[in-house]
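Trainee: quick check, what structure comes out for this input:
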Amino acid sequence: MMKLAIASLLVGSAAAFAPAPMAKTSSAMNGFTAADLPGALAPMGFFDPLGFAEKADEKTLKRYREAEVTHGRVAMLAAVGFLVGEAVEGS
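Mentor: Have a look, this model is predicted:
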């Protein structure tokens, strides 16, 4: 019984590192839409209140998304820096 439990744990842990099957898609056949980007959720769909995505192509939309993630990371670092500064100043 113990050997079976160990064997199942080993198989389960090995399966975690196996590559996941990827669906093959062709960008020429499917076409790119802004709704395909990560973050388009069911209740709201693709949220673009100022209409930046209307005239943008795939490359521009991906650059916008990269800039959005970069600015978010900088904002998180700034918030942590503010908290650390307050902790150091107050001690």
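Trainee: pull the helix or strand with minimum mean pLDDT from the protein.
Mentor: Of all regular secondary-structure elements in the chain, judged by mean pLDDT, DSSP states H and E, the least confident is helix 27-30 with a mean of 54.
Trainee: all helices of this structure, in order?
Mentor: Using DSSP state H, the helices of the chain run over residues 2-16, 27-30, 58-90.
Trainee: with distance to Phe46 as new columns, can the ones you listed be given to me in a markdown table?
Mentor: C-beta coordinates here come from the backbone N, C-alpha and C atoms, glycine included. Putting the helices of the chain into a markdown table (distance: least, C-beta to C-beta, whole Å) gives the following:
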| stretch | distance to Phe46 |
| --- | --- |
| helix 2-16 | 33 |
| helix 27-30 | 16 |
| helix 58-90 | 10 |
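Trainee: and the ones you listed, which is most packed in?
Mentor: A comparison of these by mean neighbour count, using mean count of other C-beta atoms under 10 Å, puts helix 58-90 on top with a mean of 11.
Trainee: just how off-centre is it within its chain?
Mentor: Centre-to-centre, helix 58-90 and its host chain are 15 Å apart (C-alpha atoms, centre = their mean, to the nearest Å).
Trainee: rounded mean pLDDT for it, please.
Mentor: Per-residue confidence for helix 58-90 averages out to 91 on the pLDDT scale.
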